[in-house]
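Visitor: sequence first, then the predicted structure:
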Amino acid sequence: MLGVIGGARTSRSPTVTNNFQRYDFDAKEWSQARSAMVGPKRTRFAVAAHKNEIWILGGVTKIPSASGGVKIMYENSVSVYDRESGQWNTRSDMKRTRADFCAVVLRGKLYAIGGEGTERGVAKTRTRHSVEVYGDDGTWQSGTQMLYSRSSFASCVDGARIYVAGGAADRHDCDGSIEYYCPTQDQWIYVAVLPATFTTKFGLAFVNSRLHVVGEDEISVICIDACADRPRVISMASSQPSFYDAFALDGELYIVGRTSKNSMMLQKCRPPDYTWEELPPPMSPPDSDVMRIALIKIQSCGNEDKE
């Protein structure tokens with residue numbers, strides 16, 4: 001199942017939505033979930049599939065300020081959706097507030113990585129290189145930090161490693177760098193530099209031993225050689241407009257998001273041919289565009305997470 005969660009409606013005064021849509025790969029159709037996301041309406045959050053639940057982590061919310069305006073609040077709260085009961089619940093808050101970060105599951109562990117947030121008593125935001133890991137005891141523990149602080153980046157897993165790429169830091173972009181985390185060594189390792197700067201609206205997917213960086217204007221194909229310590233850029237494949245995310249499923253590369261004509265889209269291809277197939281797009285809110293979406297990729301049979 002593919003889920004598109006949250007977002008915002010564009011208008012003279014943009015409003016955040018708790019919309020939750022699901023895509024059935026067998027039926028090739030979208031449907032509305034039984035219940036919308038509970039809790040504060042948020043954007044810039046992270047999503048992950050863990051233990052047959054959909055986890056919504058962090059992000060930002062808006063509350064009225066004393067001056068009559070709107071105050072931006074960075075969240076560390078966690079909401080989870082049980083697919084069997086259709087109910088939303090809460091879990092332990094993360095140690096730090098986070099927005100524009102990534103959450104991934106590797107070998108049964110949930111990781112909250114990077115992003116930006118505020119420290120207690122300090123209004124100024126800070127880009128993070130810290131990592132948190134959700135433990136079996138139901139609490140968050142500090143993990144090994146990334147080499148670079150980054151927010152608005154992309155991540156994926158290949159079954160043995162967590163990859164992160166691109167993003168922005170407090171003063172500069174992260175040099176378009178890619179790094180990966182190896183749990184057996186418990187360390188982050190620098191990989192390579194992207195051929196272009198990617199800081200917003202892009203995705204990362206590992207398909208057929210290649211790392212695909214899916215951006216607004218192009219798809220970079222980076223070859224991962226199992227016998228080498230570092231990958232190498234081998235080509236720039238295809239050209240598509242305005243993506244939001246990418247993921248791998250059964251050897252195919254999927255891309256989902258908004259086109260340059262402000263319509264929603266879902267496409268797939270099978271590398272290395274890169275012949276794209278159009279699939280039914282997500283349902284946009286009436287008379288509006290989805291400004292930001294979050295994705296969840298989980299098996300319809302309800303087994304362990306599949307990213």
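Guide: Nice, I can see it. Numbering: from 1, shown residues only.
Visitor: Ala27: how many residues sit nearby?
Guide: 9 (other C-beta atoms under 10 Å). For glycine as for every other residue, the C-beta is placed from the backbone atoms N, C-alpha and C.
Visitor: what does the one 4 residues further on give?
Guide: Ser31 is flanked by 11 other residues according to other C-beta under 10 Å.
Visitor: beta partners of it?
Guide: Arg22 (DSSP bridges).
Visitor: Tyr23 and Tyr254: what is the separation?
Guide: Tyr23 is 10 Å from Tyr254, where distance means C-beta to C-beta, to the nearest Å.
Visitor: nope, Thr275 is what I meant
Guide: Thr275 is 14 Å from Tyr254, by C-beta to C-beta.
Visitor: follow-up on the earlier one: which residues do Tyr23 and Tyr254 both contact?
Guide: 2, 266 (C-beta atoms under 8 Å, 6 or more residues apart in numbering).
Visitor: circling back: what about Thr275 and Tyr254, which has more around it?
Guide: Between Thr275 and Tyr254, counting by other C-beta under 10 Å, Tyr254 is the more crowded of the two (25 against 9).
Visitor: just checking, the more buried one touches Ala246?
Guide: Yes - Tyr254 lies in contact with Ala246 (C-beta atoms under 8 Å); the separation is 6.6 Å.
Visitor: how close does Val133 get to Arg42?
Guide: Plainly put, Val133 is 22 Å away from Arg42 if you go by C-beta to C-beta.
Visitor: these two: which is more packed in?
Guide: Arg42 (24 against 17).
Visitor: how about that one, phi and psi?
Guide: Dihedral pair for Arg42: phi -130, psi 160, per degrees, to the nearest 10.
Visitor: quick one: contacts for the nearest residue to it once chain neighbours are set aside?
Guide: Of all residues beyond its chain neighbours, the one nearest Arg42 is Gly59 (3.7 Å), with distances taken as C-beta to C-beta, 6 or more residues apart in numbering. For Gly59, the contact set (C-beta under 8 Å, 6+ apart) comprises 42-46, 75, 98-99.
Visitor: which among these gets closest to Gly69?
Guide: Thr43 (17.7 Å; C-beta to C-beta).
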